[in-house]
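J.: got a sequence here, can you build the structure:
(6 chains)
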There are 4 protein chains.
Amino acid sequence: MGSTPQARRSDTRERIQKTALDLFVSRGYEKTSLREIAEELGVTKAALYYHFKTKEDILTAISEDLGRPVDELIAWAEEQPPTLDTRRELMTRYSAALKSAMPIYHILQENQATLRDLAVGRTLRNRVEAISRLMHTGDADFDTHIRVASALLTVHFGAFTLDRLGGTDEEKRQALLKVALETIGAPAGQSG
Amino acid sequence: MGSTPQARRSDTRERIQKTALDLFVSRGYEKTSLREIAEELGVTKAALYYHFKTKEDILTAISEDLGRPVDELIAWAEEQPPTLDTRRELMTRYSAALKSAMPIYHILQENQATLRDLAVGRTLRNRVEAISRLMHTGDADFDTHIRVASALLTVHFGAFTLDRLGGTDEEKRQALLKVALETIGAPAGQSG
Amino acid sequence: MGSTPQARRSDTRERIQKTALDLFVSRGYEKTSLREIAEELGVTKAALYYHFKTKEDILTAISEDLGRPVDELIAWAEEQPPTLDTRRELMTRYSAALKSAMPIYHILQENQATLRDLAVGRTLRNRVEAISRLMHTGDADFDTHIRVASALLTVHFGAFTLDRLGGTDEEKRQALLKVALETIGAPAGQSG
Amino acid sequence: MGSTPQARRSDTRERIQKTALDLFVSRGYEKTSLREIAEELGVTKAALYYHFKTKEDILTAISEDLGRPVDELIAWAEEQPPTLDTRRELMTRYSAALKSAMPIYHILQENQATLRDLAVGRTLRNRVEAISRLMHTGDADFDTHIRVASALLTVHFGAFTLDRLGGTDEEKRQALLKVALETIGAPAGQSG
DNA sequence: GATGAATGAGTTTTCATTCAT
DNA sequence: GATGAATGAAAACTCATTCAT
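T.: Next comes the predicted model:
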């Protein structure tokens, strides 16, 4: 009898994820209450519980969706030989993958204290650590570790610290990547 | 076993700060309740309120105590000419100042979402931004900004990401500083 | 003994208002804690917060419900010409309206210090002042102001001061109204 | 060795009473904390406890000081014959006594809910009731009771409701007294 | 696919009061 | 004549979560 005003095949689950993501980014995970999410969406808190078992579950779903490119990158990197070239390639691809995954890294970075106790926090940190581990693979050299750490911080957090700087996000990303690549060292076949 | 149970003329204020700092670092600011601090100390919640007007006030006091070296560094840097040498010197001194100030930066980093609404958060961020601003002074060159940002991230957060790496904290700090200095460029009178 | 323990579709909101009103009247607004209201009702404090956003909100709801007759009277009076007859009619109707509204005026009177800071206090005082203003309309004569003030105090608070006196509440109300009408002066067309 | 800045023979007790009175009037008894009183005075809370056993004790002392004229009036009235003339004389003297005693009546009126549980509240109400009883003495006539109640309300609270009206406090007091005297009836030897 | 009603456990904060010094 | 330090009890409020409908 007539069409429902609701979209068919309820998109509510996705709408919850989207709204939650926005709020988690702008207000923090802990400081965002389910009431806020529900109100913003025009549904009740109970509705959230129909779609997700817990608050953490919402973040888990978001993390899975947005983190997929990075997970795929990790899978790829695990197949590669541990050379400097791989490292540079991985850094480049990682920087690209971060474009879409950035919001969850933002959440991870700004809510570490809270995420410490949560399973999803473990998952998120595991991703970061996997990249880090893969980047370090192939040598236990102290200096290299330091350089890789610096490079990773650069591609990872650089964007957050450059709000006031002119230029597009993409330009900044490219520039940060360039510095990171310099830091981890010249590609094979080039003189240092 | 037979030690003075209670000092006269109260060292309680300092004990509160110390205990709070430990808990803020290990469990996060928001997740640390005043009940926990009080219990850990063997006093009542009301005792905390005798010494500090609010929970935030405790963090403010900690921030003032631990941040003093950085504040002094900022004052010093504001008197210096905006040369590359100054920048390098500032980076070196900053790295040193962070040795004692690290815990509050740790708190700032891991509780950004929470500290967003707090006056003490503003103060802490102001300190970071002051250093950043002073480091960028003297030219508006895009590439330099990127490099300085990368270098700052390195001395700032490097230590956090190197838990698993061998070597003393001091060794790591020196190594990170070296990379940071490389990143912002050679000192005057040397060939790049 | 065997009555329905819990109504569906919740009459709880009304039960809260009723219980709160009783307690606000008998123990005072400030001295009545939400815990007391909740215990008296056999629900948890959180249940109160499901139905009302704040403690003040409960009083606001009560004030709206009980004050409606007075609000309607104010609306009526604003349409009338500012004659002595109107004043007498208003006084008479006001005395009648107070029959049901009395509890909130009781609360207002006995908790003025507390209600000073509350928005609902403003609302309540506005009602009193509106009646007072309407009663004074039409002349700025000093003596009349004094008489109107006296008359209003009489219908307003008279009942509170006559607890020990015999007679029904209605008899007292009528007698107080008579004195009040005398005080503001004879009706048009009668010799003073 | 030089004169102390403190007044000799500590006037602190009086200063506490004065400050407390001001705050009790302007913010209410309950809403005024001992901390506030102490801070306003530049002493510690403990100092208040040196001079007064409890918070209530401060109000009790104030009540005794300011209420003395009324207590004396009550003593006087108890000696008088219960005639209409006495009633009019009592009303006149009461109105005069209220000039200085007003602040405690203000406190009583605005904090009834709080003062309900306090011994000092009993004392204050007793004073009001003594006047009321003395005023009603001599006949049990219903109509007279009503009139006396109205008249008392007028001299008692009239001033509170006439803030916005022009004229000095003394003018208002006189005018209110005149209306009150009219209400309780003509003096002996005059035609009603 | 969702709601209305409720809960239990927790939070920060405030207050009058006490007492050794 | 006062203070510094502390307490116990309570307050208002928030939150993630549950469940019958």
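J.: quick one, helices of chain A?
T.: A:12-27, A:34-41, A:45-51, A:55-79, A:84-110, A:112-115, A:119-136, A:142-157, A:169-184 (DSSP state H).
J.: mind checking which of those helices is nearest residue B:156?
T.: Of all the helices of chain A, the one in closest proximity to residue B:156, counting by C-beta to C-beta, is helix A:142-157 (8.2 Å). For every residue, glycine as well, the C-beta is placed using N, CA and C.
J.: on that earlier part again, kindly reformat the helices of chain A as a markdown table containing distance to chain C and mean neighbour count.
T.: Below are the helices of chain A laid out as a markdown table (distance: least, C-beta to the nearest C-beta, whole Å; neighbours: other C-beta atoms under 10 Å in any protein chain shown):
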| stretch | distance to chain C | mean neighbour count |
| --- | --- | --- |
| helix A:12-27 | 20 | 18 |
| helix A:34-41 | 11 | 16 |
| helix A:45-51 | 11 | 15 |
| helix A:55-79 | 18 | 17 |
| helix A:84-110 | 29 | 19 |
| helix A:112-115 | 23 | 23 |
| helix A:119-136 | 27 | 18 |
| helix A:142-157 | 40 | 23 |
| helix A:169-184 | 41 | 19 |
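J.: got these as TSV, with mean pLDDT and distance to residue D:114 columns?
T.: Shown next, in TSV, are the helices of chain A (pLDDT from 0 to 100; distance: least, C-beta to C-beta, whole Å):
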stretch	mean pLDDT	distance to residue D:114
helix A:12-27	96	40
helix A:34-41	96	35
helix A:45-51	97	38
helix A:55-79	96	42
helix A:84-110	92	46
helix A:112-115	93	42
helix A:119-136	92	49
helix A:142-157	91	56
helix A:169-184	93	61
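J.: take these and lay them out in CSV including distance to residue C:74.
T.: As requested, these are exported to CSV (distance: least, C-beta to C-beta, whole Å):
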stretch, distance to residue C:74
helix A:12-27, 43
helix A:34-41, 35
helix A:45-51, 40
helix A:55-79, 48
helix A:84-110, 53
helix A:112-115, 52
helix A:119-136, 57
helix A:142-157, 62
helix A:169-184, 59
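J.: residue B:142 is nearest to which of the ones you listed?
T.: Closest among these, using C-beta to C-beta: helix A:169-184, at 7.0 Å.
J.: and the angle from that closest one to helix A:142-157?
T.: 180 degrees (axes from the mean of the first three to the mean of the last three C-alpha atoms, to 10 degrees).
J.: quick one: distance of helix A:169-184 to the chain centre.
T.: Counting by C-alpha atoms, centre = their mean, to the nearest Å, helix A:169-184 is centred 17 Å from the centre of its parent chain.
J.: show me what from chain A comes close to DNA strand E.
T.: A:6, A:9-10, A:12, A:43-47, A:49-51 (C-beta under 7 Å from any atom of the strand).
J.: can you do 6 Å?
T.: Counting by C-beta under 6 Å from any atom of the strand, the residues of chain A close to DNA strand E are A:6, A:10, A:12, A:43-47, A:50.
J.: could you dump these to JSON lines with distance to residue C:34?
T.: As requested, those are exported to JSON lines (distance: C-beta to C-beta, whole Å):
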{"residue": "A:6", "distance to residue C:34": "38"}
{"residue": "A:10", "distance to residue C:34": "38"}
{"residue": "A:12", "distance to residue C:34": "34"}
{"residue": "A:43", "distance to residue C:34": "28"}
{"residue": "A:44", "distance to residue C:34": "23"}
{"residue": "A:45", "distance to residue C:34": "21"}
{"residue": "A:46", "distance to residue C:34": "24"}
{"residue": "A:47", "distance to residue C:34": "28"}
{"residue": "A:50", "distance to residue C:34": "30"}
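J.: got phi/psi on the spatially closest residue to residue A:145 that is not a sequence neighbour?
T.: Once flanking residues are discounted, residue A:145 sits nearest to residue B:165: 5.3 Å by C-beta to C-beta, 6 or more residues apart in numbering or on different chains. With angles defined as degrees, to the nearest 10, residue B:165 sits at phi -70, psi 140.
J.: domain ranges for chain A?
T.: A:1-53, A:65-192 (automatic domain parsing).
J.: mind listing what residue A:169 touches?
T.: residue A:159 (C-beta atoms under 8 Å, 6 or more residues apart in numbering or on different chains).
J.: and the one 3 residues further on, by the same measure?
T.: Each residue near residue A:172 by C-beta under 8 Å, 6+ apart is listed here: A:158-159, A:162, A:165, B:146.
J.: what does chain A have sitting close to chain B?
T.: A:27-31, A:109-114, A:116-117, A:132, A:142-143, A:145-147, A:149-150, A:152-154, A:157-158, A:161-162, A:165-167, A:172, A:175-176, A:178-180, A:182-183 (C-beta under 8 Å from any C-beta of the partner chain).
J.: and if we set it to 6 Å?
T.: A:28, A:30-31, A:110-113, A:145-147, A:149-150, A:153-154, A:157-158, A:161-162, A:165, A:175-176, A:179 (C-beta under 6 Å from any C-beta of the partner chain).
J.: measure the closest residue to residue A:121 other than its chain neighbours to residue A:30 for me?
T.: Excluding the flanking residues, the one nearest residue A:121 by C-beta to C-beta, 6+ apart is residue A:115, at 3.0 Å. Distance from residue A:115 to residue A:30, counting by C-beta to C-beta, to the nearest Å: 9 Å.
J.: likewise residue A:60?
T.: 16 Å.
J.: with only the CA atoms kept, save stretch A:35-43 in PDB.
T.: Output in PDB follows, covering the C-alpha atoms of stretch A:35-43 (Å, rounded to 0.1, in the frame of the first residue of the first chain):
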ATOM      1  CA  ARG A  35      22.100   9.400  22.500                       C
ATOM      2  CA  GLU A  36      23.900  12.000  20.400                       C
ATOM      3  CA  ILE A  37      24.200   9.600  17.500                       C
ATOM      4  CA  ALA A  38      20.600   8.600  17.700                       C
ATOM      5  CA  GLU A  39      19.300  12.100  18.000                       C
ATOM      6  CA  GLU A  40      21.500  13.300  15.000                       C
ATOM      7  CA  LEU A  41      19.900  10.500  13.000                       C
ATOM      8  CA  GLY A  42      16.400  10.900  14.200                       C
ATOM      9  CA  VAL A  43      16.100   7.400  15.600                       C
END
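J.: wait, does it contact DNA strand F?
T.: Yes. For stretch A:35-43, a contact with DNA strand F is found by C-beta under 6 Å from any atom of the strand, at residue A:35.
J.: contacts for that stretch?
T.: Outside stretch A:35-43, the residues that touch it by C-beta atoms under 6 Å, 6 or more residues apart in numbering or on different chains are A:15, A:19-20, A:44-45, A:48.
J.: hmm, 7 Å instead?
T.: Contact partners of stretch A:35-43, identified using C-beta atoms under 7 Å, 6 or more residues apart in numbering or on different chains, comprise A:15-16, A:19-20, A:23, A:44-45, A:47-48.
J.: switch those residues over to JSON lines; also include distance to residue D:78.
T.: Converted to JSON lines, the contacts of stretch A:35-43 look like this (distance: C-beta to C-beta, whole Å):
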{"residue": "A:15", "distance to residue D:78": "79"}
{"residue": "A:16", "distance to residue D:78": "77"}
{"residue": "A:19", "distance to residue D:78": "75"}
{"residue": "A:20", "distance to residue D:78": "76"}
{"residue": "A:23", "distance to residue D:78": "72"}
{"residue": "A:44", "distance to residue D:78": "68"}
{"residue": "A:45", "distance to residue D:78": "67"}
{"residue": "A:47", "distance to residue D:78": "73"}
{"residue": "A:48", "distance to residue D:78": "72"}
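J.: picking up where we left off before, of the residues of chain A next to DNA strand E, which pair is most distant in space?
T.: A:6 and A:45 (18.7 Å).
J.: what number of residues lie near the nearest residue to residue A:29 once chain neighbours are set aside?
T.: Spatial nearest neighbour of residue A:29, excluding adjacent residues (C-beta to C-beta, 6+ apart): residue A:111 at 4.6 Å. Residues within reach of residue A:111, counting by other C-beta atoms under 10 Å in any protein chain shown, total 28.
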